[in-house]
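# sequence-free structure coming up:
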């Protein structure tokens, strides 16, 4: 299913195109297990086919029943010892891989170049709380598009994601960067990675979580260190004020939008739905489903259920003129 999501290219969701050390460890383990299983398959099928051919009944001849063997100590030792050794070997290499990809959560400190983000899964979108970067407290929230810094040469910039769920079980999976890790209600999990490959990395929720599970997409942007610093600076500010959209702002604040959404710098402090402070800096809407354009935004405000059936935002039946004012205001949130 993953390679077909949203018409995306398969190579951007393939575990066999790793873009981080932890993803490479997982691929190496997968190839090793596949090779061992393939050799076992070839050996078993080879013995079977040889036996069928070697002991076939000659054409046109009736032969007596061959001698029956009811026990062979060497054979029984061999088919017990060999699988045991193979399983023990796979346990060792799997444990080593788990050790590589599941580090403990360190304490933030100045100069560590580490980014700490809390990821909260909702039906059906992602909340990202930026906690700390390079020892500096951040403390702002965004949604659906995760930005991280790229490592550079010998300078590693590790990313530590603390994974939580706000409702049901979810699973965070960006195949080229790491293995999938579940988000369990009432339990905290950790995912860590670093990468030098800049650009957009795609993923999605990998644990069935309801009707729109397949459309709970992940867009992870790996920025240069300079671009990431600029993005942090931009995102840390409250919403920009645009006098030309004052009527739209008033319309937005007068509706029930503020009960669910946050727009920093305004009375809107809802925590139930995505933070809209810098909505238009995102490339998509509805957790990666549609491009973030005025037309799509207007459709979403008018009737979210027509785009993402079952999502928790209802169609409020706002009159057309007020809808346009609200869209005008939301477009200023950059």
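That came through, no problem. These numbers come from a predicted model, not from an experiment. Residues are numbered from 1 along each chain as shown.

# longest helix of this protein?
For the chain, the helix with the greatest residue count under DSSP state H is helix 21-54.

# For the helix or strand that comes right after it, what does the pLDDT average out to?
As assigned by DSSP states H and E, the chain's next helix or strand after helix 21-54 is helix 73-101. Helix 73-101 carries an average pLDDT of 89.

# list the helices and strands the very next helix or strand once past helix 73-101 packs on?
Beyond helix 73-101 on the C-terminal side, the first helix or strand identified by DSSP H and E is strand 115-122. Counting contacts by 3 or more C-beta pairs under 8 Å, 6 or more residues apart in numbering; DSSP states H and E, strand 115-122 is packed against strand 125-133, strand 145-149, strand 159-165, strand 170-173, strand 181-183. Glycine gets a C-beta too; all of them are placed from N, C-alpha and C.

# For the ones you listed, give me JSON lines that also has mean pLDDT, distance to residue 79 and mean neighbour count.
Formatted as JSON lines, the helices and strands packed on strand 115-122 follow (pLDDT from 0 to 100; distance: least, C-beta to C-beta, whole Å; neighbours: other C-beta atoms under 10 Å):
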{"stretch": "strand 125-133", "mean pLDDT": "96", "distance to residue 79": "49", "mean neighbour count": "21"}
{"stretch": "strand 145-149", "mean pLDDT": "96", "distance to residue 79": "49", "mean neighbour count": "23"}
{"stretch": "strand 159-165", "mean pLDDT": "96", "distance to residue 79": "42", "mean neighbour count": "21"}
{"stretch": "strand 170-173", "mean pLDDT": "96", "distance to residue 79": "37", "mean neighbour count": "24"}
{"stretch": "strand 181-183", "mean pLDDT": "95", "distance to residue 79": "37", "mean neighbour count": "21"}
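
# Using a markdown table, please lay out these together with distance to residue 210.
Shown next, in a markdown table, are these (distance: least, C-beta to C-beta, whole Å):
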| stretch | distance to residue 210 |
| --- | --- |
| strand 125-133 | 12 |
| strand 145-149 | 21 |
| strand 159-165 | 12 |
| strand 170-173 | 10 |
| strand 181-183 | 13 |
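
# Could you count how many residues lie near residue 114?
A count of nearby residues for residue 114, using other C-beta atoms under 10 Å, gives 21.

# Can you tell me how far it is from residue 222?
Computed with C-beta to C-beta, to the nearest Å, the distance linking residue 114 and residue 222 is 15 Å.

# mind checking which of the helices and strands packed on strand 115-122 is nearest residue 96?
Residue 96 sits nearest to strand 181-183 of all these, at 18.3 Å, using C-beta to C-beta.

# Next SSE downstream of the closest one?
Downstream of strand 181-183 (by DSSP H and E), the next one is strand 189-193.

# I'd like the distance from that following strand to the chain centre, please.
Distance of strand 189-193 from the chain centroid (C-alpha atoms, centre = their mean, to the nearest Å) equals 11 Å.

# Could you do stretch 289-298 as well?
With C-alpha atoms, centre = their mean, you get 22 Å for stretch 289-298.

# That stretch: which residues count as buried?
By neighbour count with 16 or more other C-beta atoms under 10 Å, stretch 289-298 contains the buried residues 289-290, 292, 296-298.

# now swap in stretch 231-247 and tell me
231-232, 235, 239, 245.

# Taking these together, which two end up most distant?
232 and 245, at 25.3 Å, using C-beta to C-beta across those.
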